[in-house]
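Engineer: dropping the sequence and predicted coords here.
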Amino acid sequence: MYAIGYPLYSAVTLLDYLLLIYTFVILAAVILSWTNPDPLNPLVRILRNLTEPVFERVRPYIPLLGGLDLTPLVVLAGVFFIRTGILKVLSRMANEMAQ
């Protein structure tokens, strides 16, 4: 089990960091959506390319609340659940395998 534990722990840690970075990407996209930025700006295009595919899959299930799109909030809750629930369990399992 030693040979599985360390690679699994490394993969879980990498995924955790990527999800943390994606959390900041979502927050930046939300803040930019409040300001009505130039859609041709490269930073705006990158943020939209990173977030809109995920938002489009979740948006049909989330109704608008008074014209307010809660999709980023739901996606952030999902990322939080994955980071604090699933990845923590996998991390503990990897630590036990490595010992």
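Structural biologist: Ah, there it is.
Engineer: now do the helices in this structure.
Structural biologist: Taking DSSP state H to define them, one finds helices in the chain at 2-35, 42-58, 71-81, 87-98.
Engineer: just put the ones you listed in JSON lines and tack on distance to residue 64, mean neighbour count and mean pLDDT.
Structural biologist: (C-beta placed from N, C-alpha, C; glycine too.) Output for the helices of the chain, formatted as JSON lines (distance: least, Cβ to Cβ, whole Å; neighbours: other Cβ atoms under 10 Å; pLDDT from 0 to 100):
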{"stretch": "helix 2-35", "distance to residue 64": "14", "mean neighbour count": "14", "mean pLDDT": "92"}
{"stretch": "helix 42-58", "distance to residue 64": "13", "mean neighbour count": "14", "mean pLDDT": "96"}
{"stretch": "helix 71-81", "distance to residue 64": "9", "mean neighbour count": "15", "mean pLDDT": "97"}
{"stretch": "helix 87-98", "distance to residue 64": "31", "mean neighbour count": "15", "mean pLDDT": "89"}
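Engineer: save the ones you listed as TSV, and put in distance to residue 65 too.
Structural biologist: Below are the helices of the chain laid out as TSV (distance: least, Cβ to Cβ, whole Å):
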stretch	distance to residue 65
helix 2-35	15
helix 42-58	14
helix 71-81	10
helix 87-98	30
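Engineer: isn't residue 51 up against residue 31?
Structural biologist: No. In this structure residue 51 lies outside contact range of residue 31 using Cβ atoms under 8 Å: 11.9 Å.
Engineer: how close does residue 81 sit to residue 19?
Structural biologist: To residue 19, residue 81 is 10 Å away according to Cβ to Cβ, to the nearest Å.
Engineer: and residue 35, by the same measure?
Structural biologist: 25 Å.
Engineer: do the same with residue 29
Structural biologist: Distance from residue 29 to residue 19, by Cβ to Cβ: 15 Å.
Engineer: nearest residue to residue 6 other than its sequence neighbours?
Structural biologist: residue 98 (5.4 Å; Cβ to Cβ, 6 or more residues apart in numbering).
Engineer: quick one, what contacts residue 45?
Structural biologist: Going by Cβ atoms under 8 Å, 6 or more residues apart in numbering, residue 45 touches residue 39.
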